[in-house]
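for reference, the sequence and a predicted model appear below.
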Amino acid sequence: MRKKIIVKKNLWILVICIIVVLVATALIVFRDDLIKQGNNYDNMIIIERIDGQESLRMPYKYLDKILRDKSFYLEEIESISVSSVKFAIGEESIGWGIDEGGLVNTEDKDAVEILGGIKYCKGISDIYAIITEKKNSSVEFYEGYYAEMLINNREDYVIIPSSMSKFINENLVPEEKRMILRHSDGSGYLGFCTIIGEYTTKDEYDTIYVSYSGMVNLIQSGNIDMSEYVDTFKIKLHEGKDYTKLIEYLNTYFADADSLEKYEGKTNMFDDPYIYQFVHYSK
């Protein structure tokens, strides 16, 4: 009898161990799937630094050239996803504000900490920059607004930390909920950025995310250095196309990650050494 009890006990231990392993494996697969979805690497070209550093810190001239030439490769390129580096509010001569009547509850004991905790602004063309940067995060767009607005070249938009939302006057109509980005030295300002959503994160609520073209205009009008402007740069490709011409074009600016030795000691079309590479992630 005792032997049977021991056998049953060992069987239960074995079953529990198997369940634990299966659950752990499922969680790892689920996590990797989420990461893949967030990065959306299927059939995409990613521009990276050859030295392996995470942030590109790439001059704006590269991105500007690619965006201007994109029309020649519309059959190959579905979309371009980019984000700027973070610009420190105050230190980079950039400040922010809210239109008169736009703030409420500023007498709250945590108002100074939360509102004063907005330390950076960053230009983005889609929400993946937020999800990638702010781990375990989500983005909520307010009614009437959507992600595609971040690539609008005519209007400027901003996504704020959810910690800040309780200070925005709810009695205002959506288009009146606006943030002002300006140059703190008084040289000018971008104007009003409509608040179209908020992000929630377990990371710090320290950054406001501005539609990419609006951020470019702000930096350029302030004559702020753009030699290390681009943080991330991804090219989403159409399925089933011949990418030969696009690859040849990219080769004139970036090294092919599969044959880096060919670029040693050489310069690109800007007469710069090859310090950036492109990687084609296919399905």
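Great, that's in hand. Not measured: the values here are computed from a predicted model.

where's residue 138 relative to residue 211, distance?
Residue 138 sits 19 Å away from residue 211, taking CB to CB, to the nearest Å as the criterion. To be clear about C-beta, it is placed using only N, CA and C from the backbone, and glycine gets the same treatment.

more crowded one of these two?
Ranked by neighbour count (other CB atoms under 10 Å), residue 138 and residue 211 place residue 211 first, with 24 against 13.

partners of the more buried one in the sheet?
Assessed by DSSP bridges, residue 211 has beta-bridge partners residue 124.

wait, what's in contact with it?
Taking CB atoms under 8 Å, 6 or more residues apart in numbering, we find residue 211 in contact with 123, 124, 125, 149, 150, 151, 152, 155, 156, 157, 158, 193.

name the element residue 121 belongs to?
For residue 121, the enclosing helix or strand under DSSP states H and E is strand 120-124.

with residue 240 instead?
Assigned by DSSP H and E, residue 240 falls within no helix or strand.

distance of it relative to residue 282?
11 Å.

which one's more surrounded, these two?
Higher neighbour count among residue 240 and residue 282: residue 282, with 10 against 6, using other CB under 10 Å.

next, the contact list for that one, please.
Remark: with contacts taken as CB under 8 Å, 6+ apart, residue 282 is in contact with 42, 43.

residue 137 - how many residues pack around it?
Residue neighbour count, defined by other CB under 10 Å, stands at 17 for residue 137.

repeat that for the one 3 residues further on.
By the other CB under 10 Å criterion, the neighbourhood of residue 140 contains 13 residues.

who does it bridge with?
Each beta-bridge partner of residue 140 is listed here: residue 198, as defined by DSSP bridges.

can you tell me how far it sits from residue 257?
36 Å.

same thing with residue 88?
Here the criterion is CB to CB. By it, residue 88 lies 32 Å from residue 257.

could you do residue 126 as well?
According to CB to CB, residue 126 stands 23 Å off from residue 257.

please identify which of the two sits among more neighbours.
In this view residue 126 and residue 257 are compared by other CB under 10 Å, and residue 126 has more residues nearby, 21 against 15.

pretty sure the more buried one sits against residue 147.
Yes: look at residue 126 against residue 147 with CB atoms under 8 Å: they come within range, at 6.1 Å.

grab the nearest non-local neighbour of residue 269.
The shortest distance from residue 269 to any residue that is not its chain neighbour, by CB to CB, 6 or more residues apart in numbering, is 4.6 Å, and that residue is residue 252.

send the alpha carbons of the helix or strand containing residue 69 over as PDB?
For residue 69, the host element (DSSP H and E) is helix 60-69. The C-alpha atoms that make up helix 60-69 are tabulated as PDB, following Å, rounded to 0.1, in the frame of the first residue of the first chain:
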ATOM      1  CA  TYR A  60      18.300  63.800 -40.600                       C
ATOM      2  CA  LYS A  61      19.800  64.200 -44.100                       C
ATOM      3  CA  TYR A  62      19.600  60.400 -44.600                       C
ATOM      4  CA  LEU A  63      15.900  60.100 -43.700                       C
ATOM      5  CA  ASP A  64      15.100  63.300 -45.700                       C
ATOM      6  CA  LYS A  65      16.700  61.800 -48.800                       C
ATOM      7  CA  ILE A  66      14.900  58.400 -48.500                       C
ATOM      8  CA  LEU A  67      11.500  60.100 -47.900                       C
ATOM      9  CA  ARG A  68      12.000  62.400 -51.000                       C
ATOM     10  CA  ASP A  69      13.000  59.400 -53.100                       C
END
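
for it, packing partners?
Using 3 or more CB pairs under 8 Å, 6 or more residues apart in numbering; DSSP states H and E as the contact definition, the elements that helix 60-69 packs against are strand 77-84, strand 230-237.

okay, these in a markdown table with distance to residue 98 and mean pLDDT next?
What follows is those, written out as a markdown table (distance: least, CB to CB, whole Å; pLDDT from 0 to 100):
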| stretch | distance to residue 98 | mean pLDDT |
| --- | --- | --- |
| strand 77-84 | 22 | 94 |
| strand 230-237 | 26 | 95 |
